[in-house]
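Q: Sequence and predicted model, in that order:
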Amino acid sequence: MSLRIQQIDCRCETKTKDNVFVDIKVTVQYQIEREHLYDAFYKLTDSRAQIMSYVFDEVRAQVPKIPLDEVFLAKEEIALAIKAELTKSMSGFGYAIIQTLITDIEPAAKVKAAMNEINAAQRLRLAAYEHSEGEKIRVVKAAEADAEAKYLAGQVRAVMIGWCIKRARERLSEGASPYCMAMPGCLVIVTGHHRSPSDDHLLLRCPRPRSRPRPRLLLPRLVTAHQSPITDDTRNAPL
């Protein structure tokens, strides 16, 4: 019988709270106490089997209370519960529990594949959401830029119309004919339907009425000496 620290590796299959079977590997480090050497030698026939039985019992008592996703986070609590139970049970036989560790938690292969697919789907959904948010920001920024451009263009047009109206008032005060202001071409820029700033001069000058075109004189065609007006048909015609 050795007084050195010894180790036992236990692999236990159990079920979680959401009915998923997992294999949990537990490592127990223990040592025989020198003061209780007699109890350790005579009270237990197989100390390793005794420790493994307590480990299986405690694992199957703790893990079914926890869902699978939380088992990986709660392994420290499970290890402490196993150590507490082993210390309470094995101290009467002269054994001291040094440490208990949960070194592996392995679900079934299909369960691991399903968990990986769920994780991949969540990441794809997050990527699609981020992509749509980026597209939304791009569209919103483009709309804001277009609205700002239209707003500035409206301000320029308002300044231009105000300047034209001021100029028209000055022309009227100088004695210009009101006929110029009453022509439809002069009202184009006031109503805002002109096509380009090149039409601004329409407000500052009077369009002249177009004169009627002169009629053309239809002159008879002159017959030259080498061109005879009498053809063969007229020559042979009866008198």
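A: Looks like it arrived, so ask away. All figures in this text were calculated on a predicted structure; none of them were measured in a lab.
Q: what about the residue nearest in space to the middle of the chain, helix or strand, and which?
A: Computing the C-alpha centroid of the chain and ranking residues by Cα atoms, centre = their mean puts residue 130 first, at 2.1 Å. In the assignment (DSSP states H and E), residue 130 maps to helix 109-173.
Q: How about residue 175?
A: Per DSSP H and E: residue 175 is located in neither a helix nor a strand.
Q: Give me the neighbour count for it.
A: Using other Cβ atoms under 10 Å, residue 175 has 6 other residues around it. Yep, even glycine has a C-beta here, placed from its N, CA and C like the rest.
Q: same deal with residue 108?
A: Residues near residue 108, counting by other Cβ under 10 Å, number 12.
Q: Can you report how many residues neighbour residue 81?
A: For residue 81, using other Cβ under 10 Å, the count is 16.
Q: contacting residues around it?
A: By Cβ atoms under 8 Å, 6 or more residues apart in numbering, residue 81 lies in contact with 58, 62.
Q: Point out where this protein drops to low pLDDT.
A: Scanning the chain for pLDDT under 70 picks out 176-239.
Q: Domains of it: list them as residue ranges, please.
A: Taking automatic domain parsing as the reference, the chain has its domains at 6-107, 168-203.
Q: And those domains: which comes nearest residue 114?
A: domain 6-107 (9.1 Å; Cβ to Cβ).
Q: chain center to the closest one, what's the gap?
A: 47 Å (Cα atoms, centre = their mean, to the nearest Å).
Q: Please apply the same query to stretch 167-175.
A: With Cα atoms, centre = their mean as the basis, stretch 167-175 stands 60 Å off its chain's centre.
Q: Buried residues in it, which are they?
A: 168, 171 (16 or more other Cβ atoms under 10 Å).
Q: hmm, back to that, packing partners for the helix holding residue 130?
A: Packing partners of helix 109-173 (3 or more Cβ pairs under 8 Å, 6 or more residues apart in numbering; DSSP states H and E): helix 179-182, helix 188-191.
Q: how about a cut-off of 7 Å?
A: Counting contacts by 3 or more Cβ pairs under 7 Å, 6 or more residues apart in numbering; DSSP states H and E, helix 109-173 is packed against helix 188-191.
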